[in-house]
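Student: no sequence on this one, just coordinates:
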C-alpha cells in the first residue's frame, strides 16, 4: 500500500482561476488543470527566484518531490501554450497557511474574514460575496 500523499503548503493562492489564449472563446478550448501546488512551485522558483531546495522547504515537501511537482507544472504550461489550451488552477493535496477568501466581484484575495475591507471599486455587499478557497484532498 503506497504512503499517503503529504499536503503541500501554499502561502499565497493565485488571484485568478486560470488563463486562456487571447482572442479565443473559452467554450472552444480544451482545458489543462494546474493544481495549486504546481502553481506555487512556478511562483516560488520562476517568480520569486528561490532555489528548488528553499522552495521545497517553504512547501514542506522534500526536494525530489518538489522537482516532480515543478516539472509537472512546466509540462502542463508548455502543453497549454503550444496546443492553444486554457489553464484552470484548482485542487490538489494542499494546505493553505491561512483561511483564504476571494471576492466574487473584484476577485481580491482576503486572508480571513476579519481582514475583509470593502475596496473602493468593488460593488460587493459584505461577506455574502466571498467564496472560501479550500484544500482539496
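Tutor: Received it, and whenever you're ready, just let me know what you need. Being a predicted model, the structure only gives us computed values, none of them experimental.
Student: Could you break the protein into its assigned domains?
Tutor: 1-10+29-93, 96-137 (automatic domain parsing).
Student: This protein: helices as residue ranges?
Tutor: Using DSSP state H, the helices of the chain run over 36-42, 52-59, 63-82.
Student: so how far is residue 16 from residue 108?
Tutor: Distance, residue 108 to residue 16, using Cβ to Cβ, to the nearest Å: 12 Å. For every residue, glycine as well, the C-beta is placed using N, CA and C.
Student: Pick out whichever of these two has more residues nearby.
Tutor: Neighbours of residue 108 and residue 16, each counted by other Cβ atoms under 10 Å, are more numerous for residue 108; the result is 17 against 12.
Student: Distance of that one relative to residue 82?
Tutor: In this view, residue 108 and residue 82 are 32 Å apart by Cβ to Cβ.
Student: contact partners of stretch 17-29?
Tutor: Under the criterion Cβ atoms under 8 Å, 6 or more residues apart in numbering, residues 31, 34, 80, 84, 85, 86, 87, 88, 89, 90 lie in contact with stretch 17-29.
Student: Of those residues, which is the nearest to residue 97?
Tutor: Nearest to residue 97 among those, counting by Cβ to Cβ, is residue 89 at 17.4 Å.
Student: any idea how far the closest one lies from residue 11?
Tutor: Residue 89 sits 15 Å away from residue 11, taking Cβ to Cβ as the criterion.
Student: between these two, who's got more neighbours?
Tutor: Counted by other Cβ under 10 Å, residue 89 and residue 11 do not tie: residue 89 has more neighbours, with 19 against 13.
Student: The more buried one and residue 10 touch, don't they?
Tutor: No - counting by Cβ atoms under 8 Å, residue 89 does not reach residue 10; the two are 11.0 Å apart.
Student: give the contact list for the spatially most central residue of the chain.
Tutor: Among the residues of the chain, residue 36 comes closest to the average C-alpha position under Cα atoms, centre = their mean, at 3.6 Å. Contacts for residue 36 (Cβ under 8 Å, 6+ apart) come out as 8, 10, 13, 14, 89, 90, 91, 92, 94.
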